[in-house]
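Asker: Attaching a predicted model along with its sequence, questions to come.
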Amino acid sequence: MTGKICCLCGNFLPDDPDHQHRERLCTKCIAARQPPFRNIYMYYMFSTDWYCQFLEADLKTPLPRKFRFSTSDKVVELAERGRGLKDLACKQALDHGIGIGRGGIHLYLTDEQYNKLKRG
């Protein structure tokens, strides 16, 4: 309860002067509690509508599922759901790609999201 060891694994924690006396987790246990994400690349382009295709992390292997949207708002929503807009630079790159009519962004999908793309 004094916050000097991890409450799950018992490893010692680094001293923290701002620590409030309560249970804490080490970085290893925090990472283990986070769901694993799969790195997927989404390529999008505009012809008569917005076309989205997905590639594996190697940027060579296509996934069978593809999408077509009438507005760019759906492309932005897809990027948000896939945790692709993690910082301002990613948001600006997506906006720039939409502005010129083509681009790509890395998405970080859960296993459930990845399996839906894999099924086609």
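Answerer: That came through fine.

Asker: what helix or strand is Gln113 on?
Answerer: When elements are assigned from DSSP states H and E, Gln113 belongs to helix 111-119.

Asker: Buried residues, that helix. List them.
Answerer: Gln113, Tyr114, Leu117 (16 or more other C-beta atoms under 10 Å). C-beta: built from backbone N, CA, C; applies to glycine.

Asker: what does stretch 55-69 give?
Answerer: For stretch 55-69, burial by neighbour count (16+ other C-beta under 10 Å) applies to Leu55, Glu56, Leu63, Phe67, Phe69.

Asker: Counting by contacts, list what the helix holding Gln113 packs against.
Answerer: strand 38-46, strand 62-69 (3 or more C-beta pairs under 8 Å, 6 or more residues apart in numbering; DSSP states H and E).

Asker: now that helix against strand 62-69, angle please.
Answerer: Helix 111-119 runs at 90 degrees relative to strand 62-69, counting by axes from the mean of the first three to the mean of the last three C-alpha atoms, to 10 degrees.

Asker: so helix 111-119 versus strand 38-46, what angle?
Answerer: Orientation check (the same axes, to 10 degrees): helix 111-119 against strand 38-46 gives 50 degrees.

Asker: as a whole number, average confidence for helix 111-119?
Answerer: Predicted confidence along helix 111-119 averages 91 (mean pLDDT).

Asker: where does this structure dip in pLDDT?
Answerer: Along the chain, segments meeting pLDDT under 70 span 1-3, 16-22, 34.

Asker: All the strands of it, in order from the start?
Answerer: For the chain, strands defined by DSSP state E occupy the ranges 38-46, 50-55, 62-69, 102-109.

Asker: rewinding a little: what lies in contact with the helix holding Gln113?
Answerer: Pro35, Pro36, Arg38, Ile40, Phe54, Leu63, Pro64, Arg65, Arg81, Gly82, Leu109 (C-beta atoms under 8 Å, 6 or more residues apart in numbering).

Asker: Alright, I will stop here.
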